[in-house]
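Q: all I have is the shape, not the residue letters:
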């Protein structure tokens, strides 16, 4: 099984188009310790030929162009893409679907809650139902991933609920202190190729590492995990926003309730932060934050990173 990181940054990318922070200025200046990253997405293949994309970022067109395994290879119209799987309905995970509107057959998998959100927005009707099969994922059920023609792509995903939040653009339609968030608004995934080992976990958005999640991840060989913010108040302190990470539905990396502390003792063999906001100092290879996460055994994902399981 091959894993390809298409994009490692959170919404807005690194640098973000309108951000003039010290971090983003270092990227634009070509600082080798501040490498650019596009918005979060990975691609996975069981055989190196047919690929499944997990989260369709707004940068998807460029990500396909930058990664030869995803280039067309046959005739005038072709793609190795067989399916897209979504972990939530956030803009930085669904906007790239509009790039895939060229009457190309593939399958679109997501929780029922996310499929409903897409169905309620007519702009996604550009994914013509004659070509794009929309399939709902059932929580805690292993689902073989098939392409638009119903051919098996050799991958199985098991979705599970994780603490999270309804997408920002849906908050105004929701009621209550949790903005109407329900099970299925944010999911994690166990991804495996049957017969090729024990698979790995992909959790790019998560509000807390609670007991059930910690138990699920115990001893996992590989986990991609939400690295949005290093500190919960990071964006406020930097003058870049008014929300904490908790308000946005993201657990911070540092602190007693952060993911660094939560993963201690879980025995996860390889841990990689992904979906990293442009305010997060772990993006800088010479920062104290980067040294801290690496000392704890974590990696920071980067565009073009390849992993073979």
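A: Thanks, I have it. This is a predicted model, so every value here is computed, not measured.
Q: for the nearest residue to residue 142 once chain neighbours are set aside, phi and psi?
A: Nearest residue to residue 142 in three dimensions, chain neighbours excluded: residue 158, at 4.7 Å (CB to CB, 6 or more residues apart in numbering). No exception for glycine: its C-beta is placed from N, CA and C like everyone else's. With angles defined as degrees, to the nearest 10, residue 158 sits at phi -120, psi 110.
Q: specify the beta-bridge partners of residue 158.
A: Note on residue 158: beta-bridge partners by DSSP bridges are residue 190.
Q: am I right that it is in contact with residue 141?
A: Yes - Residue 158 is within contact range of residue 141, at 6.9 Å (criterion: CB atoms under 8 Å).
Q: more neighbours, the two?
A: Of the pair residue 158 and residue 141, residue 158 is the one with more neighbours under other CB atoms under 10 Å, namely 20 against 10.
Q: so that one versus residue 190, what's the distance?
A: 4 Å (CB to CB, to the nearest Å).
Q: and residue 46, by the same measure?
A: 15 Å.
Q: next: residue 303.
A: For residue 303 relative to residue 190 (CB to CB), the value is 24 Å.
Q: before we move on, the earlier item: the residue nearest to residue 142: what's it in contact with?
A: 140, 141, 142, 143, 189, 190, 192 (CB atoms under 8 Å, 6 or more residues apart in numbering).
Q: ok, the fourth one - contacts?
A: The neighbourhood of residue 143, defined by CB under 8 Å, 6+ apart, consists of 109, 137, 156, 157, 158, 159.
Q: hmm, try it at 10 Å
A: By CB atoms under 10 Å, 6 or more residues apart in numbering, residue 143 lies in contact with 85, 109, 135, 136, 137, 155, 156, 157, 158, 159, 189.
Q: for the fifth one, which non-adjacent residue is spatially closest?
A: This points to residue 137. Spatial nearest neighbour of residue 137, excluding adjacent residues (CB to CB, 6+ apart): residue 159 at 4.5 Å.
Q: how about residue 302?
A: Per CB to CB, 6+ apart, closest to residue 302 is residue 8, 5.4 Å.
Q: next one, pLDDT for the one you found please.
A: On pLDDT, residue 8 comes in at 98.
Q: now the element after the helix or strand harbouring residue 136, going C-ward?
A: Here residue 136 sits within strand 132-137, counting by DSSP states H and E. Once the chain leaves strand 132-137, the next helix or strand it forms, by DSSP H and E, is strand 143-146.
Q: overlap in contacts, residue 158 and residue 190.
A: Contacts common to residue 158 and residue 190, judged by CB under 10 Å, 6+ apart, are 140, 142, 199, 201, 216.
Q: and the two most separated of those residues?
A: 140 and 199 (14.9 Å; CB to CB).
Q: okay, these two: which has more neighbours?
A: residue 199 (22 against 11).
Q: and that one, what does it touch?
A: 1, 44, 155-158, 189-193, 220-222, 309.
Q: now do residue 36
A: 8, 9, 13, 14, 15, 24, 27, 28, 30, 283, 302, 303.
Q: would you map the helices across the stretch 1-150 of the chain?
A: 22-28, 60-66, 91-94, 112-119 (DSSP state H, counting those that start in this stretch).
Q: so which bits of the shortest one are buried?
A: Same thing as helix 91-94. 92, 93, 94 (16 or more other CB atoms under 10 Å).
Q: returning to that earlier point: and which of the contacts of residue 199 is nearest residue 289?
A: Among these, and counting by CB to CB, the member closest to residue 289 is residue 222, at 22.1 Å.
Q: re the thing from before, closest to residue 294 out of the helices of the stretch 1-150 of the chain?
A: helix 22-28 (17.8 Å).
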